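Student: coords please:
(one chain, ligands or ions: 1)
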Amino acid sequence: MTVPTRKPMLRALSGERLERPPFWLMRQAGRYLPEYRELRAKAGGFLDLCFNPALACEVTLQPIRRYGMDAAILFSDILVVPHGLGQKVAFKEGEGPVLDPIRSADDMAMLSLDGFHGRVEAVYETVERIKASLPPETALIGFAGSPWTVATYMAEGGGSKEYVSVKRWAYGDPQSFARLIDLLVEATIAYLDRQVQAGAEILQLFDSWAGVLPEPAFRRWVIEPTQRIVAALKQRHPHVPIIGFPRGAGALYRDYAAESGVNAISLDTAVPVDWAATELQSSLPVQGNLDPILLVAGGAVLDAEIERILAGFAAGPHIFNLGHGVTQTTPPENVEALARRLRA
Ligand SMILES: Cc1c2[nH]c(c1CCC(=O)O)Cc1[nH]c(c(CCC(=O)O)c1C)Cc1[nH]c(c(CCC(=O)O)c1C)Cc1[nH]c(c(C)c1CCC(=O)O)C2
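Tutor: Okay, the predicted model is just below:
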């Protein structure tokens, strides 16, 4: 009888240092791929694509076929959760997401957990389909946004530069803002629980705007809600590793890593490799952190940065990734060059 070998992603996440670190890329499916743009044009709106299991599965698999990443990430979006709670969410061409803003406890009347699963059910079917189609060595990552980051979109009504609306609410009326965060904690637990039941083997929490908060607010709105989500999921699924991505957390990466309960930590581009190897990788696996714009630039500078990151994290468990998502103008051949190096 042959002993089944575990998938490289799961080995790295359980703390194993691998000679060839596994890799995947945030936003590995998307507009830089011609086959995505072609399919996207046929799908209608972006949310229609997210809620079409056959097409969302196909988009998830596109980068895997081209580049053989060690993990596929469910094709969906963090704003599926506000949609599931009843907020109006739209993606406007060239504008990004637009939501009917929620800025007070009164506005929260439009949100409800009742009917949540029904409104996002298609995502669970997508997970099942991906799971059934992946090569045996490829792991499937489910995900959600973290409550703070999702709340920024919900309160601002879209992307933001200064976060005035969400911060005014969080600072000015923390008790009512906590109700929004609590609702998001509950929805995120239920949502990720169902993704695992459908076949997700790893979960990632995206806290893209963690880095805009001062320390006390970071503790209250980033670390604390993450702890609650991680603890609840660990209780239900003790063997499913959770990767946290508190983008921009700076020196607070250390406390997030030590206190949130996540199994592994995703590093943004600005985190120094040597610092992270000493301060973080000594206690948990790290993921990251190539600048996505190096994938636009390509050439010798890309090659040199890949080597620097591989060497810097070579002493412990490492998952090679970017410090943020693949950007739209990335030439696919640069991703091919990266994949060739990392598969070697
Ligand atoms: C903040 C955030 C969002 N969505 C996400 C985050 C967290 C990560 C990050 O910081 O980038 C997460 C996300 N969004 C998408 C995925 C799919 C899986 C993957 O390949 O990583 C994931 C994991 C697809 C997407 N999500 C979006 C697209 C582009 C939509 C299109 O095809 O028109 C894709 C492929 C749209 C989106 N979605 C969001 C914005 C701000 C935008 C508009 C900006 C943009 O267009 O890049 C919110």
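
Student: List, one by one, the residues from the stretch 151-300 of the chain near the ligand.
Tutor: Residues of the stretch 151-300 of the chain found near the ligand, taking CB under 6 Å from any ligand atom as the criterion, are Gly159, Phe206, Ser208. All C-beta spots, glycine's among them, are computed from the backbone N, C-alpha and C.

Student: let's see it at 5 Å
Tutor: Phe206, Ser208 (CB under 5 Å from any ligand atom).

Student: which residues in the stretch 151-300 of the chain form helices?
Tutor: Defined through DSSP state H, counting those that start in this stretch, the helices belonging to the stretch 151-300 of the chain, from first to last, are 164-172, 174-198, 215-218, 224-236, 253-259, 273-279, 294-297, 299-312.

Student: OK, contacts around the residue of the chain found nearest the ligand?
Tutor: When distances are taken as CB to the nearest ligand atom, the chain approaches the ligand most closely through Ser208, which lies 3.2 Å from it. In this structure, Ser208 makes contact with Ile78, Gly145, Thr149, Phe245, Arg247, His324, judged by CB atoms under 8 Å, 6 or more residues apart in numbering.

Student: do the same with Asp207
Tutor: If you count contacts by CB under 8 Å, 6+ apart, Asp207 has them with Gly145, Ser146, Trp148, Thr149, Val222, Thr226, Gly244, Phe245, Pro246, Arg247.

Student: do you know how far the fourth one is from Tyr191?
Tutor: As judged by CB to CB, to the nearest Å, Thr149 and Tyr191 stand 14 Å apart.

Student: So which of these two has more stuff around it?
Tutor: Per other CB atoms under 10 Å, whichever of Thr149 and Tyr191 has more neighbours is Thr149, with 25 against 22.

Student: thought Tyr191 was touching Val81?
Tutor: Yes - counting by CB atoms under 8 Å, a contact exists between Tyr191 and Val81, whose distance comes to 6.2 Å.

Student: Quick check: nearest residue in space to Arg194, chain neighbours excluded?
Tutor: With CB to CB, 6 or more residues apart in numbering as the criterion, Arg194 has its nearest non-adjacent residue at 5.2 Å, and that residue is Tyr124.

Student: what's around the one you found, how many residues?
Tutor: Using other CB under 10 Å, the number of residues around Tyr124 comes to 20.

Student: Likewise for the one 3 residues further on?
Tutor: Under the neighbour criterion other CB under 10 Å, Val127 is assigned a count of 24.

Student: What residues are bridge-paired with the spatially most central residue of the chain?
Tutor: Geometric centre of the chain, nearest residue: Phe206, 4.1 Å, by CA atoms, centre = their mean. In this structure, Phe206 bridges to Gly145, Phe245 when assessed by DSSP bridges.
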